[in-house]
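Novice: Kindly generate the corresponding structure for this input.
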Amino acid sequence: MASRHVHVVPRDVPPELQARLGVAVGAVFLTFALVGAQLWYLQVQRGSEMRLLSENNRIRLVRVPAARGVVYDRNGEILIDNRPSFDVIFVPEDARDQRRQVLRNLAGYLGEDETVLHQAVRAPTIKRLSYEGIVLRRDVDWQGVVALESHQLDLPGVSLQVGPKRYYPFGPLAAHLLGYVGQVNESELADGASGYRPGDLLGKAGLEKAWDAELRGVPGGEQVEVDALGRRMRQLEQVADLPGATLTLTLDRDLQEAADRALGAADGSIVALDPRNGEVLAMVSHPAYDPNVFARGIRRAEWRSLVQDRKHPLANRAVQGQFPPGSTFKVAVATGALEEGVVTPFTGVTCTGGIPFGNHFFRCWKHGGHGGVNLHRAVVESCDVFFYQVGRRLGVNGIAEYARRLGLGLPTGIGLEHEKAGTIPDTQWKRKRFNQPWFEGETLSVAIGQGYVTATPLQMANLAATIANGGTRYRPYYVKRVEAPDGTLRAEIQPEVLGEARLKKSTLAQIRSAMRDVVMTDDGTGKKGRVVGIDVAGKTGTSQVVKMGSDRNRANRGAELTRDHAWFIAFAPAEAPEIAIACIVEHAGGGGGAIAAPVVQQVLTHYFTRTQGPMPLPAVEAVAEPGPEAEASQSAKAEPDAIRPAADHPL
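Specialist: Numbering: from 1, shown residues only. The predicted model follows:
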């Protein structure tokens with residue numbers, strides 16, 4: 001019979017020890033139970049999460065930004081390119097509880113303010129994926145690269161990533177048309193900027209913004225193995241990024257440079273169009289800015305300096321500047337008067353230096369008067385009295401109708417942000433704006449391009465182009481072709497007709513003949529716009545900024561912001577136009593014929609000869625004696641020019 005072993009507690013063990021032994025055994029069982037429960041919780045309940053964290057600690061998916069598309073001018077010159085940039089990336093999870101010390105170390109190595117780095121880490125409010133890097137600094141110089149690479153042990157979570165940086169080889173040249181890029185901000189992400197993540201770059205202004213969808217490209221990715229400090233050990237897998245589309249513009253870089261040089265240090269704008277199709281050949285706005293500053297990451301002090309500058313360098317004067325057009329507006333008034341039969345080419349008016357109306361005396365720029373003038377001579381010599389009389393006959397509503405037919409008072413549709421429509425007043429406009437009736441005396445100011453009338457330089461260039469091509473109003477455009485990175489043509493932009501001015505051939509012939517003689521005859525106010533061997537047609541203008549006394553020459557010696565603007569619009573060759581142009585020199589303190597016409601002359605000379613000879617700048621600060629350009633009347637009531645900074649230029 002098999003023996004059975006029974007464990008029996010010795011009788012001599014005290015009861016107290018037996019109790020302690022039972023507690024110890026229970027504690028052991030409880031400990032194993034707790035460990036088992038924790039293992040179950042970690043391996044079963046949170047197993048997938050722990051697995052992901054473990055993999056992220058060793059294997060990372062790194063987003064690779066795509067290179068934005070390259071931009072060329074019409075002749076194949078690069079206007080916007082990309083170059084390699086070393087960017088500082090920070091993964092907070094890798095730094096664990098050392099974040100503050102890591103940022104302090106990093107600030108020292110980069111010579112950066114530590115608070116700026118802390119702000120960059122805290123900035124994203126959109127949920128960031130775990131182990132997703134934050135861009136702390138873009139385009140670090142070589143000294144910074146060496147410092148970071150040699151102190152990696154002091155910088156857990158910090159790495160350098162090589163990516164494409166936007167590069168504008170001509171700096172401020174055409175900056176307002178080309179625009180700039182910047183980091184996507186929280187409001188843009190909240191508004192649904194599709195496909196963007198914090199730290200990505202997108203177009204903020206100009207072409208970069210308007211054509212961002214084509215330029216941006218498709219980001220790639222890498223699967224990399226990292227060590228405990230987050231440093232890259234090796235690449236496991238890669239998905240290549242797809243660069244953005246290539247754009248070819250209608251812009252002529254050589255002509256743009258000539259126009260920029262001709263305007264010199266003066267504030268203002270020049271716009272040149274091809275009247276045959278609406279292509280933008282040049283677009284200058286002064287003062288300008290360097291978009292490379294935004295590409296490398298603009299600093300707060302730099303941004304503050306730009307937005308607080310009273311001259312508003314970020315504003316594109318070509319499409320956002322609203323100025324009284326002065327006597328250049330007489331082209332629209334003369335067109336309407338001929339169309340409506342208010343005058344004929346033989347209608348005569350006697351100019352004695354001004355006319356009384358009510359309790360005002362409306363002066364002509366020529367104190368002694370022009371004597372007997374017809375429409376042709378009134379345009380050539382810019383007689384204010386003739387247009388006072390014509391404006392009264394045509395009426396403000398008639399003036400407004402033909403101004404709008406020629407493209408004034410409405411956006412051109414060029415596709416640049418914050419384009420202004422200008423103001424073409426009529427009776428209904430004043431009733432809606434001021435709840436007041438229109439007074440006939442106000443029509444006299446409108447007839448010479450003053451009063452409530454405002455227009456942008458682009459609109460005035462488009463007006464010149466519409467007269468030049470026989471009455472067709474094209475939508476101005478600046479992108480000619482869109483191509484895939486491999487050169488495949490995606491789109492070729494075609495001219496778009498927005499409307500017809502519906503003008504008689506006889507009217508166009510009269511206006512074009514008068515504009516030609518403005519430049520090509522010795523009595524014309526625009527003779528300084530002549531180009532050797534080319535017939536140029538144009539119209540000068542001088543617009544008041546504020547109402548002043550009768551002595552314009554004396555008034556223009558006052559504060560800069562109260563001086564007159566100088567205008568000149570033109571097209572050439574007069575019989576077969578291939579370029580139309582508008583120029584405004586702000587606060588020039590002199591007439592369009594004396595100041596703006598020579599600027600346009602330099603641009604047209606360059607266009608037709610392509611010579612690089614010396615181009616002396618007009619003396620825009622000098623006050624010219626009242627000559628054939630001081631058209632602005634004492635009675636003309638002008639609002640200050642409405643240059644404002646764009647509504648949203650986010651950092």
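
Novice: Partner strands of the longest strand seen in the chain, with direction?
Specialist: Counting by DSSP state E, the longest strand found in the chain is strand 78-90. According to DSSP bridges, strand 78-90 has the following sheet partners: strand 71-72 (antiparallel), strand 134-137 (antiparallel), strand 158-167 (antiparallel).

Novice: In that strand, which of the residues would be classed as buried?
Specialist: Leu79, Ile80, Asp81, Asn82, Ser85, Phe86, Asp87, Val88, Ile89, Phe90 (16 or more other C-beta atoms under 10 Å). Where C-beta positions appear, they are placed from N, C-alpha and C, glycine not excepted.

Novice: now, among these, which is nearest to Ala594?
Specialist: Leu79 (33.5 Å; C-beta to C-beta).

Novice: quick one, what contacts the closest one?
Specialist: Val71, Tyr72, Asp73, Tyr168, Pro169, Phe170, Ala174, Leu178, Leu249, Leu251, Arg253 (C-beta atoms under 8 Å, 6 or more residues apart in numbering).

Novice: okay, now the fifth one: neighbour count?
Specialist: Put plainly, it is Pro169. For Pro169, the neighbour count with other C-beta atoms under 10 Å is 13.

Novice: Test my guess that it contacts Ile78.
Specialist: Yes - the criterion here is C-beta atoms under 8 Å, and Pro169 meets it with Ile78 at 6.3 Å.

Novice: Contacts only, for Pro425.
Specialist: Val396, Ala400, Trp438, Glu442, Val446, Gly451, Tyr452, Val453.

Novice: pretty sure the fifth one belongs to a helix, no?
Specialist: Looking back up the chat, that one is Val446. Yes - judged by DSSP: H, G, I helix; E, B strand; the rest coil, Val446 forms part of a helix.

Novice: Ser543: which of the contacts of Leu79 is nearest?
Specialist: Nearest member of these to Ser543, counting by C-beta to C-beta, is Ala174, at 25.7 Å.

Novice: Nearest residue to that closest one in space, please, no chain neighbours.
Specialist: In this structure, Ala174 finds its nearest non-sequential neighbour in Gln256, 5.3 Å apart by C-beta to C-beta, 6 or more residues apart in numbering.

Novice: Which elements pack onto the host helix or strand of that neighbour?
Specialist: Here Gln256, judged by DSSP states H and E, is contained in helix 253-263. Helix 253-263 sits against strand 268-273, strand 280-286, helix 597-609, with contacts defined as 3 or more C-beta pairs under 8 Å, 6 or more residues apart in numbering; DSSP states H and E.

Novice: Go through the ones you listed and pick out the most buried.
Specialist: Mean neighbour count (mean count of other C-beta atoms under 10 Å) peaks for strand 268-273 among the helices and strands packed on helix 253-263, with a mean of 30.

Novice: What strands flank that strand, and is each parallel or antiparallel?
Specialist: According to DSSP bridges, strand 268-273 forms sheet pairs with strand 280-286 (antiparallel), strand 579-585 (antiparallel).

Novice: What are the phi and psi values at Leu314?
Specialist: phi -80, psi -20 (degrees, to the nearest 10).

Novice: and if you look at Leu202?
Specialist: Torsion angles at Leu202 (phi, psi; degrees, to the nearest 10) stand at phi -140, psi 160.

Novice: number of nearby residues for it?
Specialist: Residues near Leu202, counting by other C-beta under 10 Å: 20.

Novice: do Trp40 as well
Specialist: Around Trp40 there are 12 residues (other C-beta under 10 Å).

Novice: likewise the one 4 residues further on?
Specialist: A total of 9 residues lie near Val44 under the criterion other C-beta under 10 Å.

Novice: in stretch 214-221, what's buried?
Specialist: Glu214, Leu215, Arg216, Gly217, Pro219.

Novice: Where does the prediction get shaky in the stretch 401-550 of the chain?
Specialist: For the stretch 401-550 of the chain, the stretches with pLDDT under 70 are 546-550.

Novice: if you set the cut-off to 90 instead, what comes out?
Specialist: For the stretch 401-550 of the chain, the stretches with pLDDT under 90 are 485-487, 543-550.

Novice: Going along the chain, name the helices of it.
Specialist: For the stretch 401-550 of the chain, the helices defined by DSSP state H, counting those that start in this stretch cover 427-434, 440-447, 457-468, 505-520.

Novice: Let me see the contact set for the nearest residue to Glu112 once chain neighbours are set aside.
Specialist: Nearest residue to Glu112 in three dimensions, chain neighbours excluded: Arg137, at 6.9 Å (C-beta to C-beta, 6+ apart). For Arg137, the contact set (C-beta under 8 Å, 6+ apart) comprises Asp87, Val88, Leu110, Glu112, Leu117, Gly144, Gly297.

Novice: same thing but at 10 Å, please
Specialist: 86-90, 106, 110, 112, 116-117, 120, 144, 148, 160, 296-297 (C-beta atoms under 10 Å, 6 or more residues apart in numbering).

Novice: Of those residues, which one scores lowest on pLDDT?
Specialist: Across these, the smallest pLDDT goes to Ala120, namely 77.

Novice: Helices of the stretch 201-350 of the chain, start to end?
Specialist: 206-210, 212-215, 253-263, 292-295, 300-308, 317-320, 330-340.

Novice: Tabulate those in CSV, adding columns for distance to Phe29 and mean pLDDT.
Specialist: As requested, the helices of the stretch 201-350 of the chain are exported to CSV (distance: least, C-beta to C-beta, whole Å; pLDDT from 0 to 100):
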stretch, distance to Phe29, mean pLDDT
helix 206-210, 69, 96
helix 212-215, 66, 94
helix 253-263, 84, 97
helix 292-295, 67, 91
helix 300-308, 64, 90
helix 317-320, 80, 97
helix 330-340, 99, 97
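
Novice: so which of those comes closest to Gly526?
Specialist: Minimum separation from Gly526 across the helices of the stretch 201-350 of the chain (C-beta to C-beta) falls at helix 330-340, 12.1 Å.

Novice: other SSEs contacting the closest one?
Specialist: Contacting helix 330-340 under the criterion 3 or more C-beta pairs under 10 Å, 6 or more residues apart in numbering; DSSP states H and E are the following elements: helix 375-381, helix 384-405, helix 440-447, helix 457-468, helix 505-520, strand 537-543.

Novice: can you tell which of those is closest to Arg481?
Specialist: helix 457-468 (21.8 Å).

Novice: re earlier: closest one to Val280 among the helices of the stretch 401-550 of the chain?
Specialist: In terms of C-beta to C-beta, the element of the helices of the stretch 401-550 of the chain nearest to Val280 is helix 457-468, at 8.5 Å.
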